[in-house]
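K.L.:
I'll drop the sequence and a predicted model, then ask my questions.
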Amino acid sequence: MMTLLTKDQIVGKNLVTFTPSHKSIASNTLIIANELGRRHGDVTKKVTYLLKNGRIDRRDFSSIYYKDSYNRDQKYYQLNEKATLQTVMGFTGLQAEKLHERIAIAFILMRDNLEGWESGRITSKSSTKLANKVIQQLGEDLKAELPLSRKGSFVYKHIQEQINNVILGSCKSVERSELSSSQLHRITVLESVVTLNISVLRSNGVSAEKTRERVIEDLKKRNRVNNSKAVVHEG
């Protein structure tokens, strides 16, 4: 089950963000209320008013929840571009006019980001499929070469953990939908490197066990380089 965000975590984000799994882009009533300095109830009432008057429809927004300071679940609205702009336009004053312009621009920029992310996802999916095939074959070679070892059964898990560690700084598995376009691109490049390394070593007659060792050591070395760069940057 997904952990609910707090109000501060929500309003601290950009004006427009990706929805879960990067399916679309949206803003929400908490962000609008915070930017306008209005009560959240005033903004949700505006959404209800727009719905009743046919300015927006049910497909333009959805109810989601956050945790308040008392750890209670509270409802707010996630709004698509149409609903967001209509809601902001429902308020008067210079602050509302400026927010309308800022959010309109934010939606334009995020549409470009969404297209870039989708393109990266497709490319990443292709590289992952090829890498998985090569790693699976390495696993079969390991089982044949070392029938009493479990290295063949776990080689995919171990290599993927090291890839995640290089890109994300953690071996923990993460859904691709949670990654940025930059992270997707870096994973695509690294998976291509792994695929090439395994293929070259295998074609040169290197044993499956040595191939596994070299590939994992190469990934660990890349991670050590990343960590050393981070230390230098902090210094």
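P.N.:
Noted; the coordinates are in hand. Since this is a predicted model, take the numbers as computed values, not measurements.

K.L.:
Could you list every helix and strand in contact with the helix ranked longest in the chain?
P.N.:
Among the elements of the chain assigned as helix by DSSP state H, the one spanning the most residues is helix 94-145. Helix 94-145 is packed against strand 17-18, strand 25-28, helix 29-36, helix 81-89, helix 151-168, helix 181-203, helix 208-234, with contacts defined by 3 or more CB pairs under 8 Å, 6 or more residues apart in numbering; DSSP states H and E. C-beta: built from backbone N, CA, C; applies to glycine.

K.L.:
Quick check: residue 104 touching residue 89?
P.N.:
No - applying CB atoms under 8 Å, one finds residue 104 not in contact with residue 89, separated by 10.3 Å.

K.L.:
And the most centrally placed residue in the chain, what's its pLDDT?
P.N.:
When CA atoms, centre = their mean is applied to the chain, the residue found nearest the centroid is residue 178 (2.2 Å). Residue 178 carries a pLDDT score of 73 in this model.

K.L.:
before we move on, what about residue 29?
P.N.:
pLDDT, the model's per-residue confidence, is 95 for residue 29.

K.L.:
which residues touch it?
P.N.:
Under the criterion of CB atoms under 8 Å, 6 or more residues apart in numbering, the contact list for residue 29 reads 40, 43, 44, 47, 76, 77, 79, 87.

K.L.:
host element of the second one?
P.N.:
The one in question is residue 43. Applying DSSP states H and E as the criterion places residue 43 in helix 40-52.

K.L.:
Please name every helix or strand in contact with that helix.
P.N.:
Other elements packing on helix 40-52 under the criterion 3+ CB pairs under 8 Å, 6+ apart are helix 29-36, strand 73-79, helix 81-89.

K.L.:
if you set the cut-off to 10 Å instead, what comes out?
P.N.:
Under the contact definition 3 or more CB pairs under 10 Å, 6 or more residues apart in numbering; DSSP states H and E, helix 40-52 sits against helix 29-36, strand 61-67, strand 73-79, helix 81-89.
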